[in-house]
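Colleague: sequence and predicted structure, then a few things I'm wondering about:
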Amino acid sequence: MSPWLNLMIGLALGLNLLALASGRLPSLIRSAAAQGMVLGCLPLLLGHGGWQTLAFAGCTVAVKGFLIPALLRRALRASHIDREVEPIIGYVPSLLLGAAATVASVALSDALPLRPEHAGSLLAAGSFATLFTGLLLLIGRAKAISQVCGYLILENGIYLFGLLLIRAMPVIVEAGILLDLTVAVFVIGIIVDRIQREFDTLDTRKLSALKE
Amino acid sequence: MTALALIWGPILAAAAAAVWPVNRTRPWLLPATGVVHCGLAIALLVAPPVVPRDAWIGFDAIARAILPAVSLLFLMCAAYGVPYLAARGERGNRVFVAAILALLGLMSLALQARHLGLLWIALEGGTLATVPLLHFNRSPRAYEATWKYLLVGGTGIALSLLGTFFLGYASLTDQGGGDLRFAALAAQGAALSRPWARAGWVLLLVGYGTKMGLAPMHTWKPDAYGEAPGMVGGLMAGGLTTVAFAALLRVQQVLEAAGEGAMAARSWMALGLFSMLVAALFLLGTRHFKRMLAYSSVEHMGVLSVGAALGGAGLWAALFHVWTNGITKGSLFLSAGNLRRGAGGVDVEQASGLAALMPWSTRIFVAGVFAVTACPPFAPFFSELRLVRAAFASGRGLVAAAFLGCLLLAFFGLTRLVFAVADGRPSRQVRAVPVRLRETPGVVIPPLLLLALSVYLGLFPPDLLMEAWSAAVSSLSVVP
């Protein structure tokens, strides 16, 4: 089971780098969606395969892989903006930082006191690398939609760590977390739309009226 | 049963508001819900129910010590909301009323949540419910503030989810574990994996600290409070931030059970004092009286943190301060909202001489500022005095000195700005405003009542409340 699991996490790590290298918003949204789908399947490899696990995995894939990206694409279509990502931190530095973070995460998770049953898996390492990628996108990209993608990838990282607790967490809690995330992205989508109408841009560097 | 009604009542009222057809009558749902909620909360305060140890939701000692304060503040804000929304009848208020009622329900859930995951869900839900409230004014500045709130708040709340998972991971042992109920986590005690518990605490402190608005994670606060309607600012400064504080109190208890209490207290103390310092310095510089209130809120969150970190008598004083701060802030935000409306659309930085135009609101505002800077006979003076005494009693003279120094700086900053707004001749832009908010009893009485309550709580704190705070302190300090 573990080799399959690690393969999937490796795929998610690759998608991190793809997201960092994406120069256009649709491809960034695609990377985040693909990563959400890959991660959504993981509970099937980990769980006991009961109907609850199956339903949870199905919901995760539907929400992260289809619903949220569809919302983002709609916001993108409605806003008629230039599709360029407009990096504040360039693509090459971002990629180098992302790769370095991946290596550092593997080293870090080796140093952490993980439970023996988790020692062989990449779950913790993948989680930290994905978290870092999300944060990097949040601070390193100017457009509001790319920041939302950063936030999604950040959430994916946290979700990966949550899989370590899959046996301990009741499904109702997992479902609540997923629901909150969906509503969050929905709300963000509305605000992005309003910002676009008020400011005629989605460049968050223009949001600078409020300061001391 | 009643405890659950505190959660379901407002949520059902929010659903009713979402389908209510008439814009003019919809705001009456606010005080109606507020009265019922406050009545239930006080009934539970007087006769606390027995909460089973393994319950997920319950009106336990912490909820009892804090929830009635939030409920009372909501009632006053709700009463203010009716004339406020009537004055702004040009705006649809469907989303506003529904969101603010949902916020009350989610805050009640978060205060009563005895499960780490449930607590996170409620707090995140509360954060999302405040978003439509922040941009009610629909100005570009309001959208900018909302965006910053979403990004900073969202990242903070994401980190607290990671912290939740870390703390859950700490409880996985060879005997099983992995139960995220606070009682179960605390019962595991020293069996919790210490490195994970420590990392979880740091993440939760940063995450929920962002929600509280502790420096340096406070950056959303001045923007949000500066642009949101006064009643929303009051409800956030006295309600939502307090809920995050209660969440951290519950987590701190788990850390204490794990034998990491000293580390947790030290880090919380440092963040609290730093918040007070940052707030005091910014208060000396800001020119905008609603942003000023935000920095004052950062300062008071620092006060709560210092109290909680001191523990024992300090924690008791912090719970007292939850009440005094919430009620005083409510009065300040509501009167500041009046002043802002009174100055019309004019940039508040140019507003002056409002005492001549809005006499009652200015009086309440000035008195409120003295209250919040801890001048007797207002209640914050008494809660902060108790806190300083607790600091000296536990031999933390330096903490007390730093605490008092920051309070003094904040006093200078706040009074400087308040008199600039209140005194003098009304500026030409302010006089030229064609339509201003009229000072009807509806918008003056709620802040006035809150101010009166602040005096009352300070001079004659009810025995019932003192007993509730003591019960909460003992429930937090005894490791089960």
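Modeller: The structure has been received and is ready for your questions. What you see is a predicted model, and the numbers here were worked out from it, not measured in a lab.

Colleague: show me which residues of the stretch 251-400 of chain B are close to chain A?
Modeller: B:282, B:285, B:286, B:291 (C-beta under 8 Å from any C-beta of the partner chain). Where C-beta positions appear, they are placed from N, C-alpha and C, glycine not excepted.

Colleague: the residue positioned nearest the centre of chain A: what's it in contact with?
Modeller: In chain A, the C-alpha nearest the mean C-alpha coordinate belongs to residue A:153, at 1.5 Å (C-alpha atoms, centre = their mean). Applying C-beta atoms under 8 Å, 6 or more residues apart in numbering or on different chains to residue A:153 gives the contacts A:16, A:19, A:32, A:35, A:130, A:133, A:134, A:137.

Colleague: quick check, nearest of those to residue B:252?
Modeller: residue A:134 (28.0 Å; C-beta to C-beta).

Colleague: quick one: residue B:74 and chain A, what's the gap?
Modeller: Going from residue B:74 to chain A by C-beta to the nearest C-beta, to the nearest Å gives 22 Å.

Colleague: farthest-apart pair in the residues of the stretch 251-400 of chain B next to chain A, please.
Modeller: In these, the most distant members under the criterion C-beta to C-beta are B:285 and B:291, with 10.1 Å between them.

Colleague: returning to what we had before: what's the ChimeraX line that selects buried ones from the residues of the stretch 251-400 of chain B next to chain A?
Modeller: Restricted to buried positions by 16 or more other C-beta atoms under 10 Å in any protein chain shown, the ChimeraX selection for these reads:
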select /B:282,286,291
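
Colleague: ok, residue 82 - how many residues close by?
Modeller: In the absence of a named chain, this looks at chain A. Other residues within reach of residue A:82, judged by other C-beta atoms under 10 Å in any protein chain shown, total 13.

Colleague: meant chain B actually
Modeller: 19.

Colleague: now do the contacts for it.
Modeller: Counted by C-beta under 8 Å, 6+ apart, residue B:82 has contacts B:27, B:28, B:30, B:31, B:442.

Colleague: what do you get if the cut-off is 6 Å, keeping everything else the same?
Modeller: Counting by C-beta atoms under 6 Å, 6 or more residues apart in numbering or on different chains, residue B:82 makes contact with residue B:27.

Colleague: how about residue B:66?
Modeller: Going by C-beta under 6 Å, 6+ apart, the list of residues near residue B:66 reads B:111, B:246, B:322.

Colleague: repeat for residue A:137
Modeller: Residue A:137 neighbours (C-beta under 6 Å, 6+ apart): residue A:150.

Colleague: ok, now with 8 Å
Modeller: If you count contacts by C-beta under 8 Å, 6+ apart, then residue A:137 has A:19, A:20, A:28, A:146, A:147, A:149, A:150, A:153 around it.

Colleague: pull the most distant pair out of the residues you listed.
Modeller: The widest separation within the contacts of residue A:137 (C-beta to C-beta) is 13.9 Å, between A:20 and A:147.

Colleague: ok, the two, which is more surrounded?
Modeller: Under the criterion of other C-beta under 10 Å, the comparison of residue A:20 against residue A:147 puts residue A:20 first, with 28 against 23.

Colleague: go through the residues of the stretch 251-400 of chain B next to chain A and name the one nearest residue A:174.
Modeller: Lowest distance from residue A:174 to those (C-beta to C-beta) belongs to residue B:291, with 39.2 Å.

Colleague: touching, that closest one and residue B:222? I think so.
Modeller: Yes. With contact defined as C-beta atoms under 8 Å, residue B:291 counts as touching residue B:222 (4.2 Å).

Colleague: list residues touching both of these two?
Modeller: Common neighbours of residue B:291 and residue B:222 (C-beta under 8 Å, 6+ apart) are residue A:212.

Colleague: chain neighbours aside, what residue packs nearest to residue 160?
Modeller: Since no chain was named, I'll use chain A. Using C-beta to C-beta, 6 or more residues apart in numbering or on different chains and skipping the chain neighbours, the partner closest in space to residue A:160 is residue A:127 (3.8 Å).

Colleague: wrong chain, I was asking about chain B
Modeller: Nearest in space to residue B:160, with sequence neighbours left out and distances taken as C-beta to C-beta, 6+ apart, is residue B:207 at 2.5 Å.

Colleague: next one: residue B:280
Modeller: Using C-beta to C-beta, 6+ apart, the nearest residue to residue B:280 is residue B:409, at 3.7 Å.

Colleague: what's the helix or strand for that neighbour?
Modeller: Assigned by DSSP states H and E, residue B:409 falls within helix B:397-422.

Colleague: the helix or strand of chain A with the lowest mean pLDDT near chain B at all?
Modeller: When each helix and strand of chain A is scored by mean pLDDT, DSSP states H and E, helix A:171-199 comes last, with a mean of 79. Yes. Interface with chain B: helix A:171-199 contributes A:173, A:176-177, A:179-180, A:183-184, A:187-188, A:191, A:194-195, A:198-199 (C-beta under 8 Å from any C-beta).

Colleague: tell me which residue of the stretch 51-200 of chain B lies closest to chain A.
Modeller: Nearest residue of the stretch 51-200 of chain B to chain A (C-beta to the nearest C-beta) works out as residue B:178 at 2.5 Å.

Colleague: centre of the chain versus the helix or strand residue A:156 falls within, how much separation?
Modeller: In the assignment (DSSP H and E), residue A:156 maps to helix A:144-162. Counting by C-alpha atoms, centre = their mean, to the nearest Å, helix A:144-162 is centred 3 Å from the centre of its parent chain.

Colleague: and for stretch B:379-386?
Modeller: Counting by C-alpha atoms, centre = their mean, stretch B:379-386 comes out at 17 Å from the chain centroid.

Colleague: pLDDT on that stretch, on average?
Modeller: Average pLDDT, stretch B:379-386: 96.

Colleague: buried set for that stretch?
Modeller: Buried, per 16+ other C-beta under 10 Å, within stretch B:379-386: B:379, B:380, B:381, B:382, B:383, B:384, B:386.

Colleague: just stretch B:29-36 next, same as before
Modeller: So for stretch B:29-36, counting by 16+ other C-beta under 10 Å, buried means B:29, B:30, B:31, B:33, B:34, B:36.

Colleague: same question, stretch B:252-270
Modeller: B:252-258, B:260-261, B:263-265, B:267-269.

Colleague: distance between the ends of that stretch?
Modeller: End-to-end distance for stretch B:252-270, by C-alpha to C-alpha, to the nearest Å: 15 Å.

Colleague: mind listing the strands for the stretch 51-200 of chain B?
Modeller: Read by DSSP state E, counting those that start in this stretch, the stretch 51-200 of chain B holds no strands at all.

Colleague: give me every residue in it lying close to chain A.
Modeller: Counting by C-beta under 8 Å from any C-beta, the residues of the stretch 51-200 of chain B close to chain A are B:115, B:117-118, B:120-121, B:124-125, B:128, B:131-132, B:135, B:138, B:140-141, B:143-148, B:150-151, B:154-155, B:158, B:161-162, B:165-166, B:168-169, B:171-172, B:177-180, B:193, B:195-196.

Colleague: per-residue pLDDT, the closest residue to residue B:423 other than its chain neighbours?
Modeller: Spatial nearest neighbour of residue B:423, chain neighbours left out: residue B:355 (6.4 Å); criterion: C-beta to C-beta, 6+ apart. For residue B:355, the model assigns a pLDDT of 83.

Colleague: quick one: name whatever helix or strand follows the least confident helix or strand in chain B by mean pLDDT.
Modeller: Ranked by mean pLDDT, DSSP H and E, the weakest helix or strand in chain B is helix B:428-431, scoring a mean of 74. Next helix or strand after helix B:428-431 toward the C-terminus (DSSP H and E): helix B:441-459.
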